[in-house]
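Enquirer: The following block contains a protein sequence and its predicted model.
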Amino acid sequence: MEKKKLLYVGNKLKLKGHTATAIDVLAPKFVEEGFEVVSVSDKQIKAQRMLDMLHTVWKHRKTTSLVLIDTYSTLNFYYAYTIAKLCRRLNIAYIPILHGGNLPTRLQNSPKKSKALFEGASINVAPSFYLMEAFKKQGFTNLLHIPNTLEIGNYPFLLRKNLRPKLLWVRSFAEIYNPLLALDVLALLRKNGYDASLTMVGHAKDGSFDACKTRAEAQNLPVTFTGMLTKEAWIALAIQHDIFINTTNFDNTPVSVMEAMALGLPVVSTNVGGLPYLIENETDGLLVVPEDAVSFTAAIERLLSSPQESEAMALAARKKVEQFDWEVVKHQWISLLSQ
């Protein structure tokens with residue numbers, strides 16, 4: 001069977017110093033599997049990116065079999081809505097790939113646009129059961145679960161026998177990810193007598209980065225801000241750390257958490273969005289209520305004082321994320337894209 005010609009629309013900004021997104025991961029994988037793929041856009045200015053996306057759909061309208069659209073909950077929702085509208089006018093099939101942890105709120109706040117975008121799709125691919133359930137509650141039925149993917153061989157597993165309070169946080173500095181909570185937790189650990197430290201990996205998206213730096217300096221907290229790192233660099237950095245913390249207020253199934261689980265870092269995360277669908281509390285990680293530094297700190301202290309439990313969670317977490325290896329997940333994509 002001849003493979004379809006795909007057009008993949010998303011924020012293709014990895015080479016511009018931004019965090020890799022789904023388009024950066026999946027588009028090359030589809031090419032490796034024999035699909036012809038055009039991917040767009042790498043324009044940094046948002047208006048130019050939108051125009052580039054629209055122009056590319058128009059340019060390839062006669063040769064494209066299917067358009068894949070990375071779909072988020074904030075401004076990028078309007079990219080997806082506009083591209084999908086053009087696809088419908090051109091009679092080109094399209095598939096939104098659902099990423100935004102706050103998409104359930106978007107469904108409620110933009111019901112007409114959401115209905116047009118998602119009901120008009122051939123199918124909507126949800127990387128998490130969290131989003132699957134949220135969309136079903138709003139009456140959508142054209143849904144398919146395909147999880148986010150890793151190349152598990154790129155993540156060497158290290159079983160940490162005696163945990164130290166060396167904390168690692170990997171995310172963009174944005175208010176929805178609540179990076180200031182990480183500093184609150186560090187301060188509490190040190191107040192409780194632990195020689196704790198924190199490394200924060202990521203680039204600034206709003207004023208959260210400056211707020212974190214200001215607080216760390218004002219409270220004389222041992223925080224290292226690395227800025228944006230390549231995947232390889234932060235994986236290497238992870239060896240020097242023992243606990244991964246995820247402080248977000250909204251989320252889907254963050255790849256950074258999956259990567260930490262693959263690397264053997266015990267994870268403590270807020271219990272929001274898709275996290276309870278990824279982490280089974282007290283089995284392969286610990287979940288705590290959001291915006292609660294005391295509960296978060298207590299969970300970390302539990303890991304530090306219970307080495308056998310921590311090891312068991314790390315082993316279970318690694319086993320779970322092995323299910324997300326590309327060699328496993330790719331068959332679902334190939335089946336979908338070959339229909």
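Expert: Done, it's in.
Enquirer: if I look at residue 316, how far off is residue 81?
Expert: Taking C-beta to C-beta, to the nearest Å as the measure, residue 316 and residue 81 are separated by 40 Å. Bear in mind the C-beta positions are built from the backbone N, C-alpha and C, glycine included.
Enquirer: Counting neighbours around each, name which of the two comes out higher.
Expert: Between residue 316 and residue 81, counted using other C-beta atoms under 10 Å, the more crowded position is residue 81 (18 against 15).
Enquirer: partners of the strand or helix carrying residue 8 in the sheet?
Expert: According to DSSP states H and E, residue 8 maps onto strand 5-9. Sheet pairing for strand 5-9, assigned by DSSP bridges, gives strand 36-40 (parallel), strand 66-71 (parallel).
Enquirer: Just list the residues touching residue 141, thanks.
Expert: Residue 141 makes no contacts at all, as judged by C-beta atoms under 8 Å, 6 or more residues apart in numbering.
Enquirer: How about the backbone phi and psi for it?
Expert: phi -120, psi -20 (degrees, to the nearest 10).
Enquirer: now residue 102
Expert: Dihedral angles for residue 102 - degrees, to the nearest 10 - are phi -100, psi 20.
Enquirer: what's around it, how many residues?
Expert: By other C-beta under 10 Å, neighbour count at residue 102 equals 19.
Enquirer: nearest spatial neighbour of the residue minimising distance to the centre of the chain, skipping sequence neighbours?
Expert: Centroid-nearest residue in the chain: residue 254, 3.0 Å away (criterion: C-alpha atoms, centre = their mean). Spatially, and ignoring its direct neighbours in sequence, residue 254 is nearest to residue 246 (6.7 Å; C-beta to C-beta, 6 or more residues apart in numbering).
Enquirer: per-residue pLDDT, the one you found?
Expert: Looking at residue 246, its pLDDT is 98.
Enquirer: I figured it hits residue 256, correct?
Expert: Yes - here residue 246 reaches residue 256: they are 7.4 Å apart, a contact under C-beta atoms under 8 Å.
Enquirer: Could you check which of those two is surrounded by more residues?
Expert: Ranked by neighbour count (other C-beta under 10 Å), residue 246 and residue 256 place residue 246 first, with 27 against 20.
Enquirer: so what's that one up against?
Expert: 169, 171, 254, 256-257, 267-270, 275.
Enquirer: follow-up on the earlier one: report the contact partners of the residue nearest to the centre of the chain.
Expert: So residue 254 contacts 171, 246, 248, 275 (C-beta under 8 Å, 6+ apart).
Enquirer: The last one: how many residues sit nearby?
Expert: So the one you mean is residue 275. With other C-beta under 10 Å as criterion, residue 275 counts 25.
Enquirer: Between the contacts of residue 254, which sits nearest residue 149?
Expert: Ranked by distance to residue 149 (C-beta to C-beta), the contacts of residue 254 are led by residue 275 at 17.9 Å.
Enquirer: Without its sequence neighbours, what residue ends up closest to that closest one?
Expert: Closest to residue 275 by C-beta to C-beta, 6+ apart is residue 269, at 5.1 Å.
Enquirer: list the helices and strands the host helix or strand of residue 234 packs on?
Expert: In this assignment (DSSP H and E), residue 234 forms part of helix 231-238. With contacts defined as 3 or more C-beta pairs under 8 Å, 6 or more residues apart in numbering; DSSP states H and E, the packing partners of helix 231-238 are strand 166-170, strand 197-201, helix 255-263.
Enquirer: so what secondary structure elements neighbour the second one?
Expert: Going back to what we said before, that points to strand 197-201. Strand 197-201 packs on strand 166-170, helix 179-191, strand 223-227, helix 231-238, going by 3+ C-beta pairs under 8 Å, 6+ apart.
Enquirer: got the angle for that strand vs helix 255-263?
Expert: 120 degrees (axes from the mean of the first three to the mean of the last three C-alpha atoms, to 10 degrees).
Enquirer: which neighbours does strand 197-201 have in its sheet, and in what orientation?
Expert: Short version: by DSSP bridges, strand 197-201 pairs with strand 166-170 (parallel), strand 223-227 (parallel).
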